[in-house]
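S.K.: Test case, fold it:
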Amino acid sequence: MLIALFDIADLLLNILAWVIIIQVILSWLFAFNVLNTGSGAVRTITMALDRLTAPLYRPIRAVLPDFGGIDFSPLVLLLLIKILQMLLHGAERSLYYQGL
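M.R.: Alright, predicted model coming up:
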């Protein structure tokens with residue numbers, strides 16, 4: 001049962017990582033005028049992704065110094081997600097080997 005909870009947490013972290021990657025790619029496509037900013041569907045998706053990720057970026061942006069227009073908060077968040085996944089996998093393995 002506990003291992004299933006670790007698997008669910010890992011799945012949610014994977015989904016969050018993909019949401020961040022998609023949000024970053026969409027922001028680049030908007031910045032380089034590849035996507036039409038007037039398109040309602042694309043704008044709605046981008047705004048939804050921004051609303052999901054902004055609360056996660058906010059504490060990271062408060063700590064990071066200003067890099068002159070380059071936002072490294074998605075990269076830092078992806079690294080934190082990967083570290084958390086490694087910790088979860090380690091805890092899951094230790095539980096598995098203990099026979100729980």
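
S.K.: which regions of this protein sit below the pLDDT cut-off?
M.R.: Scanning the chain for pLDDT under 70 picks out 99-100.

S.K.: Count the residues that sit near Trp28.
M.R.: If you count neighbours by other Cβ atoms under 10 Å, Trp28 ends up with 11. From N, CA and C alone the C-beta is placed, and that goes for glycine too.

S.K.: ok, so what distance separates Ser73 from Pro65?
M.R.: Counting by Cβ to Cβ, to the nearest Å, the separation of Ser73 from Pro65 is 12 Å.

S.K.: Between these two, which is the more surrounded one?
M.R.: Comparing Ser73 with Pro65 by other Cβ under 10 Å, the one with more neighbours is Ser73, at 20 against 6.

S.K.: Tell me which helix or strand the residue nearest to Tyr96 when sequence neighbours are not counted sits in.
M.R.: Closest residue to Tyr96 apart from its sequence neighbours, by Cβ to Cβ, 6 or more residues apart in numbering: Ile3 at 6.6 Å. Per DSSP states H and E: Ile3 is located in helix 2-31.

S.K.: Which parts of that helix count as buried, going by neighbours?
M.R.: By neighbour count on 16 or more other Cβ atoms under 10 Å, the buried set for helix 2-31 is 6, 13, 16-17, 20, 23-24, 26-27.

S.K.: same check, this time on stretch 36-46
M.R.: Under the neighbour-count criterion of 16+ other Cβ under 10 Å, stretch 36-46 has Thr46 buried.

S.K.: so who does the residue nearest to Tyr96 touch?
M.R.: By Cβ atoms under 8 Å, 6 or more residues apart in numbering, the residues touching Ile3 are 92, 95-96.

S.K.: Noted, bye for now.
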